[in-house]
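> Compute the structure for the input listed below.
(chains A, B, C, D, E and F)
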There are 4 protein chains.
Amino acid sequence: MKSELIKQSINLFVEKGFSATSIQDIVDTIGVTKGSFYYHFKSKEALLMDIHSHYIDDLLRRQRAILDTEKSHKDKLMAIVELIIVDIEKQGAVGRVYFREIRHLKEENAAIIREKRADFRNNIEVLLKEGIEANEFRKELQPKIITFAILGITNWSYQWFNVEGSLTVKELSAMYTDFILHGIQSPDASN
Amino acid sequence: MKSELIKQSINLFVEKGFSATSIQDIVDTIGVTKGSFYYHFKSKEALLMDIHSHYIDDLLRRQRAILDTEKSHKDKLMAIVELIIVDIEKQGAVGRVYFREIRHLKEENAAIIREKRADFRNNIEVLLKEGIEANEFRKELQPKIITFAILGITNWSYQWFNVEGSLTVKELSAMYTDFILHGIQSPDASN
Amino acid sequence: MKSELIKQSINLFVEKGFSATSIQDIVDTIGVTKGSFYYHFKSKEALLMDIHSHYIDDLLRRQRAILDTEKSHKDKLMAIVELIIVDIEKQGAVGRVYFREIRHLKEENAAIIREKRADFRNNIEVLLKEGIEANEFRKELQPKIITFAILGITNWSYQWFNVEGSLTVKELSAMYTDFILHGIQSPDASN
Amino acid sequence: MKSELIKQSINLFVEKGFSATSIQDIVDTIGVTKGSFYYHFKSKEALLMDIHSHYIDDLLRRQRAILDTEKSHKDKLMAIVELIIVDIEKQGAVGRVYFREIRHLKEENAAIIREKRADFRNNIEVLLKEGIEANEFRKELQPKIITFAILGITNWSYQWFNVEGSLTVKELSAMYTDFILHGIQSPDASN
DNA sequence: GATGAATGAGTTTTCATTCAT
DNA sequence: TATGAATGAAAACTCATTCAT
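So this is what the prediction gives:
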């Protein structure tokens, strides 16, 4: 029931936005009453926080797994890009909520999520830094800024990519890793 | 007065989001009454549409100027990236509203804006296509997808770039054009 | 201009009702501004009063003319019924406003109109009374009550009669005077 | 509570009219909040529709009972007139709302009510038609038009009849059936 | 005579939240 | 666990009216 509420609310948040979705809208989709909602969630914002927490925690866990498993900096980076893009297929809806609705968390919770986002970002930044030192990536790059560029590419995909279309997430992921690697690799790196 | 309302509402929309900003909030910042707001705008949504229209129309106009002025495909692309990024400084607030709040336009208006956005995107796509044909850019690239990547990089900047920081928009713009050109240029292109 | 405002407001009041018609609605139909309206009328209610006054004053004047001209009680009554019914064609719209919107006059004005309505009604009542005394009409009738019946028949017509239809106001008037006379005439009255 | 809201709103609608009565006015009379009103009714118009539906449905049910029970056409007609008039005492307030405020229903609902009103009217028209064929009523009468006359007499009563006065509804009803029967009966009908 | 801008009080409606059962 | 009823605060929007120009 709780997970059903989460699932349906995500769909509604994607469709209409957090503010424009009422508790009534949510409970109507699964045929229960508002009282029931408040048994499972302290507030509407708590539900949104729940969604955000699960999403970023899962992402961080998988990012860590990649960093622990893959060998070269290039491979690590490719795997992280793929992680985000390929998720569109399975987690596209949550992702869209995650990217759009953080503003509606109360400051206290927003801070928690922002910190985890910063961790995720920082892990990429460190990766780039080390790749530069290892001469895999170009010396002129500013890791922090390039990290934002990479996240821009991947995260923006959630806004336009249509799972129904002819392009698969695997293909998209391949194109974007190729584009990014061309953008950052040292000319003398053994491709 | 009308332009004052627009200006203040943009600030509030950036800060709290469209839905969470009330007409009362807006008029309070300039000390007029709600009735006054409704004398100038048919509805809250009409104000949002006003903001969207002006922004994209201005952007399209300047994009066209670039396409008519610059010579090589590379120069055109660089100029367009710079156009978006450098605007953060002067138009950062409107931009943030433009990228985040389109969902709150009514379908009829959203369609108009979406079409203009598609024009802007399409102009880049065509530019890439021609650059590929001219052998300036790599043959393997899919122009449509790379266009989204470029827009992801530039548009995402509006979310994190802090005008107050030590990095200037000019510098950011330079880094991103460099990154993008590395990502797309033919190896044999005279850089 | 003033008469134009009256004319158009009557149409709107018929269509949407007094409360639901805004000053804006009225001035829009003739392409002037609200300020203009307030040059001609002290208030929205004043316009409604204007409409009511003209209508009932005109009706009373014509009723008096009938009472002064026609000979028998029967003829007087027939002429008054015809007066009301035949007016549907020329004054149907005003009539509908007159019958429906008196409630929106302020008490002070409503009292004035109610008094004139009472005069109009009373003239019929007196006519019936005299007709009974003259043995033209049946002795058992209560003039006051029958007056209301007659007014019910005629006034109700404004709600359903369609000028566009196949029945003319003359025909309707004939049918109703016939019906009423059958209802009230003494059996021994030389028809 | 819901029925209490209906009851009080009817009183207010009679007194001030539908448009001029606010939800606040209604809830204030029974000391609840506006939110409570909207728990029970989807909108102000929905409440008005509720009132209209119940009134006409009840009227139709009782009219049908009369048509099934009474023997002669004359008796049926008398019973129907009495039905409407006598109701003033118990249902005067609802009746006044019913006769005055249909314009404030949305077209969709107004159509439903208009159709039921037409049924009620049509039942009388058919009754008159059959009475004419049975030679109870005069051959020259146009049933449709006479039906409107009868409804004018009865419905108009809701506007002026004062339950507090010395005349009872029974007496009024008797006078009006007498008046109507004189107006329509064949001279040779055994009275 | 007419306009454009502004006001302020009021309107209907929405909605997150609470709570007795 | 769940429901149904109620709350209260706030939202968007309307509108008659005023008034300087």
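> neighbours of the residue of chain A found nearest DNA strand F, just the number please.
Evaluated by C-beta to the nearest atom of the strand, chain A has A:Gly35 as its residue closest to DNA strand F, separated by 2.1 Å. C-beta here means a position set from N, CA and C on the backbone, and glycine is covered the same way. A count of neighbours around A:Gly35, defined by other C-beta atoms under 10 Å in any protein chain shown, yields 8.
> likewise A:Met1?
For A:Met1, the neighbour count with other C-beta under 10 Å is 11.
> Is A:Asn162 in a helix, a strand, or coil?
When classified by DSSP: H, G, I helix; E, B strand; the rest coil, A:Asn162 comes out as coil.
> Phi first, then psi, for it.
phi -110, psi 110 (degrees, to the nearest 10).
> and the residue of chain A closest to DNA strand F, what does it touch?
Contacts for A:Gly35 (C-beta atoms under 8 Å, 6 or more residues apart in numbering or on different chains) come out as none.
> Tell me how far it lies from A:Gln24.
From A:Gly35 across to A:Gln24, the span is 12 Å (C-beta to C-beta, to the nearest Å).
> now A:Lys129
With distances taken as C-beta to C-beta, A:Lys129 is found 49 Å from A:Gln24.
> Please say which of the two ends up with more neighbours.
A:Lys129 (17 against 10).
> Can you tell me the SS state at A:Phe148?
Going by three-state DSSP: A:Phe148 is helix.
> Neighbours of it, how many?
Counted with other C-beta under 10 Å, A:Phe148 comes out at 24.
> thinking again about what came up before, find me the pLDDT at the residue of chain A closest to DNA strand F, would you?
What the model reports as pLDDT for A:Gly35 is 90.
> Likewise for the one 4 residues further on?
Turning to A:Tyr39, the model gives it a pLDDT of 93.
> now A:Glu140
Listed pLDDT for A:Glu140 reads 92.
> likewise A:Ala189?
Predicted confidence (pLDDT) for A:Ala189: 56.
> for the record, mean pLDDT for stretch A:57-67?
Stretch A:57-67 shows a mean pLDDT of 96.
> go on, stretch A:115-125?
On average, stretch A:115-125 scores 97.
> Next, the buried residues of that stretch.
Buried residues in stretch A:115-125, defined by neighbour count with 16 or more other C-beta atoms under 10 Å in any protein chain shown: A:116-117, A:120-121, A:123-125.
> residues in contact with stretch A:163-177?
A:77-78, A:81-82, A:85-86, A:88-89, A:92, A:153-154, A:157, A:161, B:141-142, B:145-146, B:149.
> Tell me, how many residues neighbour A:Ile85?
A:Ile85 has 24 neighbours, counted by other C-beta under 10 Å.
> Going along the chain, name the helices of chain A.
For chain A, applying DSSP state H gives helices covering A:2-16, A:23-30, A:34-40, A:44-69, A:73-100, A:107-133, A:143-160, A:169-184.
> Could you quantify the relative orientation of the last one and helix B:143-160 as an angle?
Using axes from the mean of the first three to the mean of the last three C-alpha atoms, to 10 degrees, the inter-axis angle of helix A:169-184 relative to helix B:143-160 is 70 degrees.
> Within range of chain B, give me the residues from chain A.
Taking C-beta under 8 Å from any C-beta of the partner chain, the part of chain A that reaches chain B is made up of A:16-20, A:100, A:103-104, A:138, A:140-142, A:145-146, A:148-149, A:151-157, A:160, A:167, A:172, A:175-176, A:178-180, A:182-184.
> picking up where we left off before, could you export the buried residues of stretch A:115-125 as a markdown table, including distance to D:Asp58?
Below are those laid out as a markdown table (distance: C-beta to C-beta, whole Å):
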| residue | distance to D:Asp58 |
| --- | --- |
| A:Lys116 | 64 |
| A:Arg117 | 64 |
| A:Phe120 | 67 |
| A:Arg121 | 69 |
| A:Asn123 | 73 |
| A:Ile124 | 73 |
| A:Glu125 | 76 |
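> so how far is D:Arg103 from A:Gln142?
Distance, A:Gln142 to D:Arg103, by C-beta to C-beta: 70 Å.
> ok, these two, which is more surrounded?
The neighbour comparison of A:Gln142 against D:Arg103 (other C-beta under 10 Å) goes to A:Gln142, with 18 against 14.
> Can you pull the phi/psi pair for that one?
phi -100, psi 110.
> Tell me which residues touch it, please.
B:Met175.
> can you check A:Thr29 too?
By C-beta under 8 Å, 6+ apart, the residues touching A:Thr29 are A:8, A:11-12.
> Please parse chain A into its domains.
Residue ranges for the domains of chain A, per automatic domain parsing: A:1-41, A:44-184.
> Which pLDDT value belongs to A:Lys2?
On the pLDDT scale, A:Lys2 is placed at 87.
> coming back round to it: next, format the contacts of A:Thr29 as JSON lines and append pLDDT.
Converted to JSON lines, the contacts of A:Thr29 look like this (pLDDT from 0 to 100):
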{"residue": "A:Gln8", "pLDDT": "92"}
{"residue": "A:Asn11", "pLDDT": "93"}
{"residue": "A:Leu12", "pLDDT": "93"}
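> Can you say which of those are buried?
A:8, A:12.
> A:Asp50 contacts A:His40, correct?
No. Assessed by C-beta atoms under 8 Å, A:Asp50 is found out of contact with A:His40, at 9.5 Å.
> Now A:Lys74: closest residue in space that isn't a chain neighbour?
Spatial nearest neighbour of A:Lys74, chain neighbours left out: A:Glu136 (5.8 Å); criterion: C-beta to C-beta, 6 or more residues apart in numbering or on different chains.
> That neighbour - how many residues pack around it?
For A:Glu136, using other C-beta under 10 Å, the count is 19.
> What are the neighbouring residues in contact with it?
Contacts of A:Glu136 (C-beta under 8 Å, 6+ apart): A:72-74, A:185-186, A:189.
> Which pLDDT value goes with it?
Per-residue confidence at A:Glu136 stands at 92 (pLDDT).
> And for A:Ala20?
A:Ala20 is assigned a pLDDT of 88 by the prediction.
> Distance check, it against B:Glu136.
Distance of A:Ala20 to B:Glu136, computed by C-beta to C-beta: 45 Å.
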